[in-house]
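> Only the shape, not the letters, is given here:
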């Protein structure tokens, strides 16, 4: 089974191309998250779309890492990217806009939240997590904007949104972008109590948190159990679920068995347990 159907109705930006940005600042927002604020460079080329707007992030590993990057990432461009020597090939990962501010102290700003897997100090963190903990103002990166996947049909005014911690930035963007008359539920699983964040959304959308606690439990397992224990809403709704690949695929099957139309479910495996980030 495919791990996503997000591409089926994705809305891409009208103008997309490589955008070079600088690190403005970095902060540890909770035990499990670091926030990197980007700006400067080509930030004026970035068009905020809200919701779960995501992008390809290129993190340099050498001085020439950003010199041979494509203006889009189709199959051919990705093949060329792989021909870059490992000594200079930038790290490539997908991330979501946590927040965009058109008027920061130094111009427009883009916040990116990184889930911290392992530790940069002892070498157990993935390359993106390690960079998020160690980057400094002035460091350069590049992004390719890929648009949004949260495409709620206009006739569905109820939502059911589920994610593990990797989807938290996207959930924050979705909640901030929803119309005020939207109702529904959001369930987010995070590693620790301190990883909860203040989220703003419509009054009719209830936000619930599941704290995993046990580091041995695969992320998303407790969120899945919590959702499956709830009655499936009787009224038609739009479901959106992301996270460790088991979570979205399992909940999609759960909802389809309950009679929810497949076209009303958007699901995507953001990552797979056992792989570095």
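Yes, it's here. This is a predicted model, so every value here is computed, not measured. Numbering: from 1, shown residues only.

> Can you show me the strands along the stretch 151-277 of the chain?
If you assign secondary structure with DSSP state E, counting those that start in this stretch, the strands in the stretch 151-277 of the chain sit at 158-163, 183-190, 205-211, 238-244, 265-271.

> what's the closest of the ones you listed to residue 69?
Across the strands of the stretch 151-277 of the chain, residue 69 has its closest neighbour in strand 265-271 (22.6 Å, C-beta to C-beta). In short, each C-beta sits where N, CA and C put it, glycine included.

> Next, the angle strand 238-244 makes with the closest one.
Taking axes from the mean of the first three to the mean of the last three C-alpha atoms, to 10 degrees, one finds strand 265-271 and strand 238-244 inclined to each other by 10 degrees.

> outside of strand 265-271, which residues touch it?
Strand 265-271 is contacted from outside by 3-6, 9, 94, 149-151, 166-167, 238-249, 251-252, 255-256, 277, using C-beta atoms under 8 Å, 6 or more residues apart in numbering.

> before we move on, back to that, tell me the most buried of the strands of the stretch 151-277 of the chain?
Sort the strands of the stretch 151-277 of the chain by mean neighbour count, taking mean count of other C-beta atoms under 10 Å, and strand 238-244 sits at the top with a mean of 27.

> So which elements touch that one?
In terms of contact count using 3 or more C-beta pairs under 8 Å, 6 or more residues apart in numbering; DSSP states H and E, strand 238-244 is assigned the packing partners strand 158-163, helix 246-257, strand 265-271.

> Pairing partners for the shortest one, with directions?
In the sheet, strand 158-163 lines up against strand 183-190 (parallel), strand 238-244 (parallel) (DSSP bridges).

> can you give me how far that strand is from the chain middle?
Its chain's C-alpha centre and that of strand 158-163 lie 15 Å apart, by C-alpha atoms, centre = their mean, to the nearest Å.

> Where does pLDDT dip in the stretch 151-277 of the chain?
Of all residues in the stretch 151-277 of the chain, those with pLDDT under 70 make up the ranges 275-277.

> how does it look with 80?
Counting by pLDDT under 80, the stretch 151-277 of the chain has low-confidence residues at 274-277.

> One more: the stretch 1-150 of the chain?
Across the stretch 1-150 of the chain, residues meeting the criterion (pLDDT under 80) sit at 1-3, 6-9, 15, 117-125.

> What segments of the stretch 1-150 of the chain are helices?
Across the stretch 1-150 of the chain, reading from the start of the chain, the helices by DSSP state H, counting those that start in this stretch fall at 75-83, 127-134.

> Now the first one: buried residues?
By that I understand helix 75-83. Buried residues in helix 75-83, counted by 16 or more other C-beta atoms under 10 Å: residue 81.

> just the shortest one next, same as before
By 16+ other C-beta under 10 Å, the buried positions in helix 127-134 come out as 127-133.

> Those: which two are farthest apart?
Every pair in the buried residues of helix 127-134 was compared (C-beta to C-beta); the two farthest apart turn out to be 127 and 133, at 11.1 Å.

> To residue 21, which of the strands of the stretch 151-277 of the chain lies closest?
Proximity to residue 21 (C-beta to C-beta) singles out strand 265-271 among the strands of the stretch 151-277 of the chain, at 21.9 Å.

> Return the distance of stretch 243-259 from the chain's centre.
18 Å.

> now swap in stretch 52-70 and tell me
Between the mean C-alpha location of stretch 52-70 and the chain-wide mean there is a distance of 17 Å, by C-alpha atoms, centre = their mean.

> Repeat that for stretch 10-29.
Here the centre of stretch 10-29 is set off from its chain's centre by 12 Å, with C-alpha atoms, centre = their mean.

> now stretch 60-74
The chain centroid and the centroid of stretch 60-74 are separated by 21 Å, computed with C-alpha atoms, centre = their mean.

> cool, stretch 96-115 as well?
That offset, for stretch 96-115, works out to 14 Å (C-alpha atoms, centre = their mean).
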